[in-house]
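Engineer: Give me coordinates for this.
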Amino acid sequence: MEDNKNNDKDILTLTDENGKEIEFEFVDSFEFEGNVYYALIPVEDNKDGEYVLLKLENPEAEEGEETNLVTIDDDEEFDRVADYFEDAYLSEIDHDEEG
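Structural biologist: Prediction:
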């Protein structure tokens, strides 16, 4: 995972299981049900503005140890995480627009 700054946006370059590098805009990271999750937006080919939720594998890793962002394979877990993120993120956007 590589961090870049692009016009004041945090850009992460991730490598998929096929070795292809894909750039994502970092939206947020959050802890939920004892796990750490990342919300990311693909930089390219994302006309619908969809986001991706990934789970941080080995969040307690010490310096030099590998950490990975992995897909959430369990549908029920994904639904709970997506609901939590949307509630928190959308209410934050609404709050910002009111003020």
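
Engineer: Show me where the chain has its strands.
Structural biologist: Ranges of strands in the chain, per DSSP state E, are 2-6, 9-15, 21-32, 35-42, 52-57, 68-71.

Engineer: among these, which is nearest Ala88?
Structural biologist: The closest of these to Ala88 is strand 21-32. By CB to CB, the value is 7.0 Å. Backbone N, C-alpha and C define where each C-beta goes, glycine included.

Engineer: and that closest one, what other elements does it pack with?
Structural biologist: strand 9-15, strand 35-42, helix 75-98 (3 or more CB pairs under 8 Å, 6 or more residues apart in numbering; DSSP states H and E).

Engineer: Quick check: mean pLDDT of the longest one?
Structural biologist: Here helix 75-98 scores 80 as its mean pLDDT.

Engineer: which stretches of the protein have low pLDDT?
Structural biologist: 1-8, 59, 92-99 (pLDDT under 70).

Engineer: hmm, back to that, how about the strands of the chain in JSON lines, adding mean neighbour count and distance to Glu77?
Structural biologist: Formatted as JSON lines, the strands of the chain follow (neighbours: other CB atoms under 10 Å; distance: least, CB to CB, whole Å):
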{"stretch": "strand 2-6", "mean neighbour count": "10", "distance to Glu77": "26"}
{"stretch": "strand 9-15", "mean neighbour count": "15", "distance to Glu77": "20"}
{"stretch": "strand 21-32", "mean neighbour count": "15", "distance to Glu77": "10"}
{"stretch": "strand 35-42", "mean neighbour count": "18", "distance to Glu77": "9"}
{"stretch": "strand 52-57", "mean neighbour count": "18", "distance to Glu77": "8"}
{"stretch": "strand 68-71", "mean neighbour count": "14", "distance to Glu77": "11"}
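
Engineer: Which among those is found nearest to Asp87?
Structural biologist: Using CB to CB, these put strand 21-32 closest to Asp87, at 10.8 Å.

Engineer: quick check: angle from the closest one to strand 9-15?
Structural biologist: 110 degrees (axes from the mean of the first three to the mean of the last three CA atoms, to 10 degrees).

Engineer: Can you name the residues that contact Ala61?
Structural biologist: Residues counted as contacts of Ala61 (CB atoms under 8 Å, 6 or more residues apart in numbering) are Thr67.
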